[in-house]
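# Just to be clear, the model below is a prediction. Sequence and coordinates:
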Amino acid sequence: MKYIFEGATLLLLLCINLIQPVQAQQTAKIFGFIRDAETSETLLQANIIIKGTLTGTSSNNSGYYVLSNLPTGEITIQASYVGFQTLDIPLVLKPGEEKRVDINLKADSNELEEVVVTSDRLEEEKKNIGTLQIKTDLIKSVPAILEADVFRSIQLMPGVKAASDYSSALYIRGGGPDQTLILLDRTTVYNPTHFFGFFSTFNPDAIKDIQLYKGGYNANYGGRLGSVLDIYNKDGNRKENKGGVTVGMLASRVFAEGPYKKGSWMFALRRSTLEPLLYALRGTSDAIPESFYFYDVNGKINYDINENNRINFAFYGGVDNVRVPFSTDAKVLLQYGNQTGSFNWNHLFNANTFGNLTLTGSRYFSFPKFFLAGTEFVRSNNIFDFSLKYDLDYTYSDHHSIRWGLWGGNMVLKLKDKFDNQETFNSRLHTGYASTYITHTWRPDDSWKFDSGLRLNYHTNGNFYRLDPRLAIERTYERVRLQASVGGYSQFLTLISNEAFSGFDTWLITANGVSPAYGWQYGLGAKTRIFEGFNFDIEGYYRTMENLFELDPTLPDPAGKNYDEIFRFGRGFAYGVELLLEKTTGKFNGFLGYTWGITRRKFPNVNNNQYYSPKYDRTHDVNLVLNYQLSKRWKITSVFNYATGQAYTLPIGRTQTYLNPFSTVQSNYFDIGTVNGARLPSYTRMDIGFTRTGTFFGGKSELQLQIINILNNKNIWFYLYDFDSNPVKRTEVPLLPILPTISYSVNF
Amino acid sequence: MKNSLKLIALLTLFVSCDFLESDNNYTMQYVVESYLVANEEFPPVVLTKTLPIDEVYSLERAAVTSGKVKVYELDDQSNKVDSVTYFRDLNAITVYYAIGSKTVKPETLYRIEIIVENDNNHKITAETFVPGSFNAVAANSDSVVYQSNEQLEVNYTQSYYPNRQSYYILTVVAQDTTGDLTPFYQQAIDSEDGPTRTEFQRNSSGILNQGNFDINPDQTITIRLPWLAVAYYGDHIIEANTIDDNLYDFLRTEGAQFGGGTLSPGEIYDIIDHIEGGTGVFGSYYQVKTPVFIKRNPDID
């Protein structure tokens, strides 16, 4: 009821917003694409403003922009994008003119003497509340555990937490990993991990743009309670053939890209190179895999039909494969991975109307097999998701623009277990899904912006309809932008996963008796430039999470149970404050992120039905990332992280069974305090990396030496309790010790 | 502008309040343990207390010797219709035995009541409904070759439990633990700090729902013995057990305390025990036994 009331309130606000009178003026309009001058890659969420004013806009996720309500006569527009030089473009516009202006921005040079100081206010322009754009340069430059990784770089951002050194999963603003919608080229990816969760599947060589919506985002996204990670692969260089090779300790990468007559192409391959290490270790332990490898392939082909029509096909495939004989007559085999493909058509109807059609296909699979003493356990776990999306951007007046979209698809989740050659579980869940949204942006003047939206979601399995209203308001001053947002969010899926191992990840969906989770997000923020070269953002958020449905972690066997009986249903909330201080220019730059956050959950039979902290709840989390260009060739990067120790359950008492009829060995068990009511020691880690650029047979080379946890802090993952000792002995299971890594890249 | 920043600061202060309270102080609890077996005499009851996690644990230290134990048979309206009184065996420290030779009835509700006289007559109570009867109607063989194509298959009639399917635990009990172990278990005891060979005398499955098994045309279910359960060669007893709700909740939550599944490492939940005034397990089950002989496989050894 509360949900309906709040929804109705927002709907009313939306209507008020929509009926504002349209003011016709004798003004001009420009539109076009913003691109990288060197490669002709479109630049997403790039800024364009009238120089010296607050009037401006951003390109959409196809690089297209419309800037209306322009004064006529001689004006100068200014375009900017993070990592690119700001460009001034003088124009002469007539009343009522609609002029196409495609803009090409030059990348900032890496040469020390050519560091460009860009306008901080411009770069601020694009950041909506709860939104971050991650630079691929950051991913490649920050010290990384064995392999440069998108998710681990995102974990450095305020509001984003990591479960442990061993997990790349994203815990954003109190939400678990399944509360983040992960899109690659507009296609959902269900298990974006390699190495069983150690790092993500996204190859930094292939990626062009990463947008993280931590919360408060508009109705063009939906389907998750928390956040959205929208990743776009490169289109490929449209000017010349380029490529690169990187040799690392865990994996090596190769990529190539280039133009052809009417478009461009890109191909990137990454494969693990662990075989020599495994060979050397074989014989030292029973647990060394007989075989272990992973690879991923990314590709994209673009074809320009004409100036106003452009299509592309993008694909991704990744597999992890391991075979471990761990004892006489016992071995484990696991193969898991993802495959995605998308076909995309951009169509520019006219200056005001831009359409984007996408066909997506996504498959996730996991095939674990256990062979133990002549008994087999085999699982077949598949998700097939095919969808069609259409998004239409329409600027219908000088002050109003709308976006409308439709997303419909069909999802099949198949899970089959066999034990000892007998089928013990067979589930085939199928749902059709559809959603439509409309968003409206109203800019009554240079300083105010109202973004409102409605999203209607429908899932056939269970016949669920959910209406999610969204509203964001922004007030811009010369150096400060104040933002507020509120929105309803629904989620129809849940993930069965383990923090320590993602290879068995399984998704389940809503159905009769299992209603969608829903929640409200409230955000309040300010973004400001405090002085030359320094940006400062502060955001506060409060989230509710209702009807959370999760697989009951104590369920021993789902066979024969009604679907709703395998779940536990709970609720939660989270709130916090995030601070981000950035130094964006100069040879010494970086950022300091701080998060103060609280998150809670409540489930039946857990913690006496009272709220408790999930393990990943960290009250304080500080990340300091610093880059210093030592010389023309040498650059040093360091990352320091401090976080409150994670929550864990403190065993306070013990007892044991004496008569257990099902085992020769009697079992011990705990009497516990508050669930997750204790804290591990605080976590601190400092990483440092050195990068030396040079040349290699005419190509640009880069040698990276990195040391993870250079202070060798003994961070703790969790405690193990050994009942063979009396009294019980507590052992610390450590996180990563000091770990040097090296990689060498050549770009040609 | 200044007002806006003040508002943010105020809101920050407001949300800084965290009302979660943690209680990690140890409080002693009484621990009850007893398993009623249908058609068998009333089993012993062990009454102990928990001890702090950092103290040496022993039966002597945990023993509770001042308990007055009684088990009642209840009718459909939970009225007491019969009772069994227990006495404490002075030689067994903390084990209480039933007086008389009454047997546990299937499909019957029982209630245990314990008064701890030395603790202001602290009262502990729990109830269990004993699963309904079932039996083995046929087995394909009384002797099978280890890891051969022919596995032991036993047909059972179906048990009954109100408002749910039956939950099974299959236990393989080796009759002679001095004989040879099968290769997988032999390697386990050969490993450094490995278990002792007697630890494999009773090997049990986890909890298996009846939904795992196909129902035959004659309404029986067929359970096949997985080779993984066989630790020894020689004579074995296969015990098929259907368990009550108390055992189901106790075993599944006790197992989850030690990780695995979807819980994060270090996240420990309390057990679900259905005991008022204490903790532990007061459960019941119905058991059917089938003998089988496991022969060596010349192709494996």
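That came through fine. Everything numeric here is computed off the predicted structure, so don't read it as measured data.
# Can you report phi and psi for whichever residue of chain B sits closest to chain A?
Sorted by distance to chain A under CB to the nearest CB, the residues of chain B start with B:Gly211, at 1.7 Å. Heads up, the C-betas are built off the backbone N, CA and C, glycines and all. Main-chain torsions, B:Gly211, degrees, to the nearest 10: phi -60, psi -10.
# what's the neighbour count on it?
The local packing of B:Gly211 (other CB atoms under 10 Å in any protein chain shown) involves 17 other residues.
# next one: B:Lys289
Close neighbours of B:Lys289, defined as other CB under 10 Å, add up to 12.
# State the paired neighbours of the host helix or strand of it in the sheet, together with their directions.
Following DSSP states H and E, one finds B:Lys289 within strand B:279-295. Under the criterion DSSP bridges, strand B:279-295 sits next to strand B:30-37 (parallel), strand B:143-145 (parallel), strand B:234-243 (antiparallel) in its sheet.
# Could you dump those strands into CSV and include mean pLDDT?
Converted to CSV, the strands paired with strand B:279-295 look like this (pLDDT from 0 to 100):
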stretch, mean pLDDT
strand B:30-37, 98
strand B:143-145, 95
strand B:234-243, 97
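# re the thing from before, what mean pLDDT does the strand holding B:Lys289 have?
The pLDDT scores in strand B:279-295 average 97.
# Any chance you could give me it in CSV, C-alpha atoms only?
Below are the C-alpha coordinates for strand B:279-295, written out as CSV (Å, rounded to 0.1, in the frame of the first residue of the first chain):
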residue,chain,number,x,y,z
THR,B,279,18.9,-25.9,22.8
GLY,B,280,19.8,-29.2,21.2
VAL,B,281,17.7,-31.7,19.5
PHE,B,282,14.7,-33.8,20.6
GLY,B,283,14.0,-35.6,17.3
SER,B,284,12.5,-38.8,16.0
TYR,B,285,12.8,-41.1,13.0
TYR,B,286,11.5,-44.3,11.5
GLN,B,287,14.2,-46.8,10.5
VAL,B,288,14.3,-49.8,8.2
LYS,B,289,17.4,-52.0,7.9
THR,B,290,18.6,-54.0,5.0
PRO,B,291,21.8,-56.2,5.0
VAL,B,292,24.2,-56.2,2.1
PHE,B,293,27.6,-57.7,1.5
ILE,B,294,30.1,-55.6,-0.5
LYS,B,295,32.5,-57.7,-2.5
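# Any idea which of the strands paired with strand B:279-295 gets closest to A:Ser40?
Distance to A:Ser40, taken as CB to CB, is lowest for strand B:234-243 among the strands paired with strand B:279-295, at 68.2 Å.
# Need the strands paired with strand B:279-295 in CSV (columns: mean neighbour count).
Shown next, in CSV, are these (neighbours: other CB atoms under 10 Å in any protein chain shown):
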stretch, mean neighbour count
strand B:30-37, 25
strand B:143-145, 17
strand B:234-243, 21
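# and those strands as CSV, adding distance to A:Tyr260?
Shown next, in CSV, are the strands paired with strand B:279-295 (distance: least, CB to CB, whole Å):
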stretch, distance to A:Tyr260
strand B:30-37, 75
strand B:143-145, 66
strand B:234-243, 68
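# Out of those strands, which gets nearest to A:Thr201?
That would be strand B:234-243 among the strands paired with strand B:279-295, by CB to CB, at 42.8 Å.
# can you list contacts of that closest one?
A:661-662, B:131-132, B:134, B:136, B:152, B:154, B:156, B:159, B:161, B:166-176, B:179, B:207, B:223, B:225, B:230, B:251, B:283-294 (CB atoms under 8 Å, 6 or more residues apart in numbering or on different chains).
# low pLDDT regions in chain B?
Low-confidence segments of chain B (pLDDT under 70): B:1-20, B:260, B:301.
# hang on, the earlier thing: narrow the contacts of strand B:234-243 to those that are buried.
Neighbour-count burial within the contacts of strand B:234-243 applies to A:661-662, B:131-132, B:134, B:136, B:152, B:154, B:156, B:159, B:161, B:166-174, B:207, B:223, B:225, B:230, B:251, B:283-288, B:290, B:292, B:294; the criterion is 16 or more other CB atoms under 10 Å in any protein chain shown.
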